[in-house]
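In: Predicted model and sequence below, questions to follow.
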Amino acid sequence: MLNTFDNDAAALRCRRYRRRILDVSQQVSALHIGSAFSCTEIVDCIYNGLMKQGDIFLMSKGHGCMIQYAILEERGVLSPSDLAAYCTRDGRLGVHPDIETPGIVAATGSLGHGLSMAVGMALAERGSGVTIYVVLSDGELMEGSSFEAILMASSLDLENIVAVVDYNNLQSLGRTTETHSTFYPLVEKFEAFGWSSLEVDGHDGAAIFDAVTNRNGIDPLMVVARTTKGRGVSFMEGIPSWHYRSPSKSEYAKAIAELEA
């Protein structure tokens with residue numbers, strides 16, 4: 001693991017990832033582009049700063065998997081032809097990650113299941129030096145199974161699990177602070193369940209890196225990462241409709257121009 005995280009290099013990578021996702025968006029009618037852009041810096045930091053050989057990553061918010069696909073392609077785990085065949089009959093990449101795909105350790109996207117799987121993996125790997133990283137959506141925290149997993153991780157003293165909440169405050173049709181206002185504040189709730197927890201800027205890879213590398217090593221860690229859905233393209237940011245739809249040709253050109261500026 002690195003001792004520091006280079007945000008300038010990360011910014012270049014993340015612009016490449018977003019452009020690649022935009023390219024794929026022109027092949028299909030919907031690919032959860034806003035959700036992928038929301039957690040781009042989070043997943044980049046995990047892959048390119050935090051994970052060491054043998055560590056495990058789960059994308060619990062499976063609908064944001066395009067960022068994982070883009071990173072795996074750049075690392076040579078997936079091929080350009082894999083992304084070109086996204087969501088086609090002959091392709092192997094679907095809307096949600098599948099365990100049959102190289103680089104994917106679990107089928108996710110049924111929200112609320114990913115953290116439970118991560119807890120099981122952390123228990124199996126306890127004492128091995130392996131860290132389990134899992135990215136959650138704030139919306140899936142409404143699932144009871146998520147809180148069962150949160151309770152179990154701390155009860156089992158699983159210090160080798162790091163969860164990051166993509167806190168973009170948007171579900172598919174509205175803001176989580178409006179639909180579930182009593183769910184907040186998040187950090188205090190996780191701490192009450194026995195986790196170490198803190199809130200950071202989710203588009204600042206160095207802040208995420210520092211939060212994880214400076215954890216106490218005793219408790220499971222929950223990083224609440226404040227993000228913006230559709231981050232990186234001005235007309236997508238904070239707009240619920242970009243949860244599902246793909247940009248038109250003119251919108252695509254405008255988005256690419258912003259990311260190349």
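Out: Happy to help now that I have it.

In: Okay, strands next: where are they in the chain?
Out: Using DSSP state E, the strands found in the chain span residues 56-59, 132-137, 161-167, 196-201, 221-226.

In: mind giving me CSV with those strands and columns for mean neighbour count and mean pLDDT?
Out: All C-beta atoms are positioned from the backbone trio N, CA, C, and that covers glycine. Formatted as CSV, the strands of the chain follow (neighbours: other Cβ atoms under 10 Å; pLDDT from 0 to 100):
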stretch, mean neighbour count, mean pLDDT
strand 56-59, 23, 97
strand 132-137, 27, 97
strand 161-167, 27, 97
strand 196-201, 18, 98
strand 221-226, 24, 98
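
In: Nearest approach to Ile104 belongs to which of the ones you listed?
Out: Across the strands of the chain, Ile104 has its closest neighbour in strand 56-59 (8.0 Å, Cβ to Cβ).

In: In its sheet, which strands sit next to the closest one, and in what direction?
Out: strand 132-137 (parallel) (DSSP bridges).

In: could you redo the strands of the chain as CSV and give each row distance to Met236?
Out: Listed next are the strands of the chain as CSV, based on distance: least, Cβ to Cβ, whole Å:
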stretch, distance to Met236
strand 56-59, 20
strand 132-137, 17
strand 161-167, 15
strand 196-201, 19
strand 221-226, 17
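
In: buried ones in stretch 254-261?
Out: 255-256, 259 (16 or more other Cβ atoms under 10 Å).

In: how far is it from where the chain is centred?
Out: Chain-centre distance of stretch 254-261: 23 Å, with Cα atoms, centre = their mean, to the nearest Å.

In: Keeping just the C-alphas, turn that stretch into CSV.
Out: In CSV, the C-alpha atoms belonging to stretch 254-261 read as follows (Å, rounded to 0.1, in the frame of the first residue of the first chain):
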residue,chain,number,x,y,z
LYS,A,254,-21.3,18.0,-24.7
ALA,A,255,-20.3,15.7,-21.8
ILE,A,256,-17.1,14.6,-23.6
ALA,A,257,-16.2,18.2,-24.3
GLU,A,258,-16.5,19.0,-20.5
LEU,A,259,-14.3,16.0,-19.6
GLU,A,260,-11.7,16.9,-22.2
ALA,A,261,-11.6,20.6,-21.3
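
In: re the thing from before, can you tell me which of the strands of the chain is nearest to Met117?
Out: Judged by Cβ to Cβ, the one of the strands of the chain that comes nearest to Met117 is strand 56-59, at 6.2 Å.
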